Every structure is written in C-alpha cells, then in structure tokens.
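>>> Turn this into a structure:
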Amino acid sequence: MNAFQFLVEIVFDLFLMVVLLRFWLQLVKADFYNPLSQFVIKATAPLVNPLRRIIPGLGGVDLASLVLAFIIAFAKISTVMLLFSAQFDPVNAVILGALTLLKEAFNLVFWVLILRAILSWVSQGNNPIEAVFHQLTEPMCRPIRKILPPLGGLDLSILVLIIGLQFIQILFMDLIR
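Below you'll find the predicted structure:
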C-alpha cells in the first residue's frame, strides 16, 4: 500500500506545484511567452479558467490559481485519508490541506533555487528556463545581495536564501507540532 500511496501523493504534489508555479509566475509578472510559462499556463488552464469566472483577481493577484491550489491540497489530503486511513475528518482535512499548500510552496521555491544555481554553473546564459527562474527568484535574492555582495565572483544570495527558507520551514513545522 505504501507504493500506491506514494503514487497518489506524488501526482497531487506535482500538479499542486504546477498550479503554485502559475500563481508565482503571475505574481512576479514573468515572461508569458517563455516555453516554461506556456507549459504551466496550458497545463493549468482547464481548471483555472473556469474558476476565474467565479473568483476574480485582486490587486494583480490571481486568486483563482491560489484557490485551485488549496482545492488540490485538500483533495490530496482527503484522498489519502479515505484510501489509506479509512477515516475522514473534514476539519482536519482543511487544516492539513492548508499546511500541505504551504509546505509545497516552500518546496517549490527550494527546488527553483536549486535548479537556478545548477543552471548558472552549466548554462551559457541563453536558456529560456534559466531566464524564468531568474525572474522568479531575483525579487528574493536582490535584498540579500545588498547586504552580502558577491564574494570573489560567487553570488551567495541563493545559498543564504535556501538556508533561510529551510530555517523558516523547520521553525514552522516545530511550531505546528
């Protein structure tokens, strides 16, 4: 059963990350015509577009994508509860869904930062995915770079940001327990 539970959770988590990526792309106003952006938009459009008719944006924030992300997180928790624990508590599912959403948002930022760092080592700077990752992470790295400038040609802002995100995630999980 653990292998099947893993598959169910990974399918929900991957789609949740794509929906969160859509929200993040729109939040930072990343390049819409980039191939990665086009993939994210096309993969999420069948579910986000109908929600947009019901839930309008607010101040440039795409609330429909955020609501869809919460629905996916809630559906993941509910499915796991029903299939693998034989108990379903709707209040607990809502709380765990919100925590899952937050955890996956941290995971998404972490992996985008890791991929940006790796691409900066191997890419020649003309990779379209690297350009989107730069647009996504630069608003978070820029304030760190003002405090900690590049040392010896190395930009440590991504490392500092990864450590900070991991610290916040661990602190948050400790507070929840």
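>>> Let me see the ranges of the helices in this protein.
For the chain, helices defined by DSSP state H occupy the ranges 2-27, 35-54, 63-80, 90-122, 128-147, 157-176.
>>> okay if I get those helices as CSV plus mean pLDDT and mean neighbour count?
For glycine as for every other residue, the C-beta is placed from the backbone atoms N, C-alpha and C. Output for the helices of the chain, formatted as CSV (pLDDT from 0 to 100; neighbours: other C-beta atoms under 10 Å):
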stretch, mean pLDDT, mean neighbour count
helix 2-27, 93, 17
helix 35-54, 93, 14
helix 63-80, 94, 20
helix 90-122, 91, 16
helix 128-147, 91, 16
helix 157-176, 89, 13
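>>> Provide a list of residues in contact with C141.
Listed by C-beta atoms under 8 Å, 6 or more residues apart in numbering, the contact partners of C141 are 155, 157-158, 161.
>>> mind running it again at 6 Å?
Residues in contact with C141 (C-beta atoms under 6 Å, 6 or more residues apart in numbering) are S157.
>>> and if you look at V67?
Contacts of V67 by C-beta under 6 Å, 6+ apart are I55.
>>> let's see it at 7 Å
Neighbouring residues of V67 by C-beta atoms under 7 Å, 6 or more residues apart in numbering: 51, 55.
>>> Kindly report the same for A98.
Contacts of A98 (C-beta under 7 Å, 6+ apart): F70.
>>> Then T137?
T137 makes contact with 112-113, 116 under the criterion C-beta under 7 Å, 6+ apart.
>>> so what's D155 closest to, chain neighbours aside?
R145 (7.1 Å; C-beta to C-beta, 6 or more residues apart in numbering).
>>> Give me the distance between that neighbour and I118.
Going from R145 to I118 by C-beta to C-beta, to the nearest Å gives 19 Å.
>>> for the residue at the greatest distance from the centre of the chain, phi and psi?
For the chain, the largest distance from the centre (C-alpha atoms, centre = their mean) belongs to G152, which lies 31.4 Å off. Dihedral angles phi and psi of G152 (degrees, to the nearest 10) take the values phi 60, psi 30.
>>> do F88 as well
phi -130, psi 120.
>>> who's in contact with stretch 105-112?
17, 20-21, 133, 136-137, 162, 165, 169.
>>> Need those residues in a markdown table (columns: distance to V8).
Shown next, in a markdown table, are these (distance: C-beta to C-beta, whole Å):
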| residue | distance to V8 |
| --- | --- |
| M17 | 15 |
| L20 | 19 |
| L21 | 21 |
| F133 | 29 |
| L136 | 28 |
| T137 | 30 |
| I162 | 29 |
| L165 | 27 |
| Q169 | 23 |
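>>> and which of those residues is nearest L27?
Taking C-beta to C-beta as the measure, L27 lies nearest L136 of these, at 9.0 Å.
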